[in-house]
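[1] Sequence unavailable; structure follows:
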């Protein structure tokens, strides 16, 4: 178990074997996201249920599960 600090609180986190927790720096949206938001479609793809927009994210590795070997906390 590791502890995560958010604001004034301290919370336990439990990462399973290959999970990675990121401290997000920013997340962007692309042209297809804007089309889904404005029109509900992008080309031949039609939204049939709610969708979370934004998929170009960047951040810093905050914590890793016990099976993660390629990433270390503090790395981009």
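    Thanks, I have it. On a predicted model such as this, the values are computed, not experimentally measured, just so you know. Residues are numbered from 1 along each chain as shown.
[2] Give me the residues contacting the helix or strand harbouring residue 21.
    For residue 21, the element it lies in under DSSP states H and E is strand 20-28. By C-beta atoms under 8 Å, 6 or more residues apart in numbering, the list of residues contacting strand 20-28 from outside reads 4, 13, 15, 54-65, 68, 71. Every C-beta, even on glycine, is put in place using the N, C-alpha and C of the backbone.
[3] State the distance from the most far-flung residue of the chain relative to its centre to residue 8.
    Largest separation from the mean C-alpha position in the chain: residue 44, at 26.5 Å (C-alpha atoms, centre = their mean). Residue 44 is 49 Å from residue 8, where distance means C-beta to C-beta, to the nearest Å.
[4] for residue 51, same thing?
    Distance of residue 51 to residue 8, given as C-beta to C-beta: 34 Å.
[5] Among the two, which residue is more densely surrounded?
    Under the criterion of other C-beta atoms under 10 Å, the comparison of residue 51 against residue 8 puts residue 51 first, with 10 against 5.
[6] so the more buried one touches residue 37, yeah?
    No: using C-beta atoms under 8 Å, residue 51 makes no contact with residue 37, being 9.0 Å away.
[7] ok so, going back, list buried residues within the contacts of strand 20-28.
    Neighbour counting with 16 or more other C-beta atoms under 10 Å marks 15, 61, 62, 63, 64, 68 as buried within these.
[8] so where do the strands sit in this structure?
    When assigned using DSSP state E, the strands of the chain occupy the ranges 2-6, 9-13, 20-28, 41-42, 45-46, 56-64.
[9] where among those strands is the average confidence lowest?
    Between those, the lowest average pLDDT goes to strand 2-6, which shows a mean of 69.
[10] pLDDT score assigned to the residue farthest from the centre of the chain?
    For residue 44, the model assigns a pLDDT of 94.
[11] For it, give its distance to residue 35.
    From residue 44 across to residue 35, the span is 12 Å (C-beta to C-beta).
[12] All good on my end, thank you.
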